[in-house]
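A.B. asks: Dropping the sequence and predicted coords here.
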Amino acid sequence: MSKLSKLALLLIAAVCFQCGKDETPSVVPNIYFPIDVSALESPENSTFEFPLVLDRSTDREVTVHYETNSLTAIEGEDFLPASGTVSFAPGETSATIIVEIVIDEYIEEDEQFRVVLTQSQNGVFLNGSQQAIGTIRNDDTAIQVTTEGYVSADSYSGKSLVWSDEFDESEINLNNWTYDLGAHGWGNQELQLYTSNSQNSYVHDGNLMIVAKNEGNYYTSARMKSIDLQEFQYGRIDVRALLPKGQGIWPAIWMLGANFPTAGWPACGEIDIMELIGSSPNYVHGTVHYGDDYTQHQFTGQGTSISFGQTFSDEFHVFSIDWNEQGITWYLDDVEFFSIDQTVSGNQNYPFDNPFFFILNIAVGGEWPGYPDETTEFPQYMAVDYVRVFQ
């Protein structure tokens, strides 16, 4: 071969080599999320892994930029915001984007966020854009409760704290509380089944939680009492609580005479420190019931309200009575709104000079509050921060 021919061949080879270097990849893959991700909020699912794939392999590295966006889930509260770059080495067709989930135990709706692809190199987004939805499914049982609201004094002139339950232990103190159980209307045509189930009453974050639930074809709740455990005659009594609301919901903080098992009601006397009818969520009642027997039952009471537009489920309030030999005075957040004296029962026995025990409950339905309807939301709860007795 002549020198000229050899030179021509070398030039052709050099040009072809240079052309090969400048070629774009023979394959440009589509980038896409094959699935959305949905999982229960639990320690086992503390990270969501979103698979990301190429529809074909290529001889170039493919890089993809991504970021997370809130939908109903909130950044920092339900998931940790994330952004970054994912790379596919030549020949690879799968990768993973990881998002950390914030685990808690509060009852919430299922919540969603999304992972969005924002830029790519050496690949294109299938259908022009790509996102995947992360659904955090909730199966928690604890209810998140505000700490806001009125706080009563720690002491009163001339009185000492003789007993309290601050609900700061991990479980209900059975030296203070026991249960009424059953579903027999409770004299008021109520609907609920009272249980001692931990779904209906428990201690969490320094509060006693009493929870009324719709179980499908019946309702459950809790009615806790201190009979034979904690009984008191006279004193300043403060109960800091956050109340439920809704048609047919009837929470109460009240007391019965300790002789109830023998004297019966209303002869034993009843002191309603607080009752609320859920359809009037900004109004509470203070009442006494008395009578020598059931046929002579009478009651005397009065109510008070907070500002229009507010409800007793928005924040904590303190429901109090000051009870002595002369009578009983009711307070809401230390403001007096009702009082009685020993003449209240007329010619019938005055029962309010004996020891009484506490009752804390949520009733569902009844002759007074009416019954739940399509507007009533469940679960409903009463959170009790403390019960204190000063004498």
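C.D. replies: That came through fine.
A.B. asks: Assumed G84 was part of a strand.
C.D. replies: Yes. If the criterion is DSSP: H, G, I helix; E, B strand; the rest coil, then G84 is within a strand.
A.B. asks: so what's it bridging to?
C.D. replies: Y66 (DSSP bridges).
A.B. asks: Please work out how many residues are found near the residue nearest to V102 when sequence neighbours are not counted.
C.D. replies: Nearest non-adjacent residue to V102, counting by C-beta to C-beta, 6 or more residues apart in numbering: D78, 5.5 Å away. Backbone N, C-alpha and C define where each C-beta goes, glycine included. A count of neighbours around D78, defined by other C-beta atoms under 10 Å, yields 22.
A.B. asks: Isn't D78 up against I136?
C.D. replies: Yes. Between D78 and I136 there is a contact under C-beta atoms under 8 Å: 6.0 Å.
A.B. asks: residues contacting V384?
C.D. replies: F167, N207, L208, I210, V239, R240, A241, I253, L360 (C-beta atoms under 8 Å, 6 or more residues apart in numbering).
A.B. asks: Which strand residues bridge it?
C.D. replies: Beta-bridge partners, per DSSP bridges, of V384: L208, A241.
A.B. asks: Ok, the one 4 residues further on next?
C.D. replies: With beta bridges defined as DSSP bridges, R388 has these partners: S164, D238.
A.B. asks: Let's verify A95: helix, strand, or coil?
C.D. replies: Look at A95: counting by three-state DSSP, its state is strand.
A.B. asks: Now do it against D59, distance only.
C.D. replies: For A95, the distance to D59 equals 17 Å [C-beta to C-beta, to the nearest Å].
A.B. asks: Specify which residue of the two has the higher count of neighbours.
C.D. replies: More crowded of A95 and D59, by other C-beta under 10 Å: A95, with 17 against 10.
A.B. asks: Quick check: the residue nearest to V102 vs P43, distance?
C.D. replies: According to C-beta to C-beta, D78 and P43 sit 15 Å apart.
A.B. asks: Just want the phi and psi numbers for D59.
C.D. replies: Backbone geometry at D59, expressed as degrees, to the nearest 10, gives phi -90, psi 10.
A.B. asks: Isn't it up against G91?
C.D. replies: Yes. Between D59 and G91 there is a contact at 7.5 Å, judged by C-beta under 8 Å.
A.B. asks: T220 sits in which helix or strand?
C.D. replies: For T220, the host element (DSSP states H and E) is strand 219-221.
A.B. asks: That strand: partners in the sheet, and parallel or antiparallel?
C.D. replies: Assessed with DSSP bridges, strand 219-221 is paired to strand 192-194 (parallel), strand 207-214 (antiparallel).
A.B. asks: list the helices and strands the helix or strand sitting right after the shortest one along the chain packs on?
C.D. replies: This means strand 192-194. The helix or strand immediately downstream of strand 192-194 is strand 201-204, counting by DSSP H and E. Secondary structure elements in contact with strand 201-204, counted by 3 or more C-beta pairs under 8 Å, 6 or more residues apart in numbering; DSSP states H and E, are strand 207-214.
A.B. asks: which outside residues touch the strand it packs on?
C.D. replies: Identification of contacts with strand 207-214 by C-beta under 8 Å, 6+ apart yields 143, 145, 165, 167, 172, 192, 199-203, 219-222, 224, 242, 244, 249, 251, 360-362, 364, 372, 378-385.
A.B. asks: rerun that using 6 Å as the cut-off
C.D. replies: 145, 167, 200-202, 220-222, 362, 364, 378-385 (C-beta atoms under 6 Å, 6 or more residues apart in numbering).
A.B. asks: Only C-alpha atoms, please: export it in CSV.
C.D. replies: What follows is strand 207-214, C-alpha atoms only, in CSV (Å, rounded to 0.1, in the frame of the first residue of the first chain):
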residue,chain,number,x,y,z
ASN,A,207,-54.5,14.2,81.4
LEU,A,208,-57.2,11.7,82.2
MET,A,209,-58.8,11.0,78.9
ILE,A,210,-62.5,9.8,78.8
VAL,A,211,-63.4,9.0,75.3
ALA,A,212,-66.8,8.3,73.7
LYS,A,213,-66.7,6.2,70.6
ASN,A,214,-69.0,5.2,67.8
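A.B. asks: For it, the averaged confidence score.
C.D. replies: For strand 207-214, mean pLDDT is 96.
A.B. asks: Quick check: buried residues in it?
C.D. replies: Using 16 or more other C-beta atoms under 10 Å as the burial criterion, the residues of strand 207-214 that qualify are N207, L208, M209, I210, V211, A212, K213.
A.B. asks: so who does S120 touch?
C.D. replies: Counting by C-beta under 6 Å, 6+ apart, S120 has contacts I31, V64.
A.B. asks: same question but for Y179, I mixed them up
C.D. replies: S196, M224.
A.B. asks: now the helix or strand encompassing it, how far from the chain's geometric center?
C.D. replies: Using DSSP H and E, Y179 maps to strand 178-180. Averaging C-alpha positions (C-alpha atoms, centre = their mean, to the nearest Å) puts strand 178-180 24 Å from its chain's average.
A.B. asks: just stretch 108-115 next, same as before
C.D. replies: Centre-to-centre, stretch 108-115 and its host chain are 17 Å apart (C-alpha atoms, centre = their mean).
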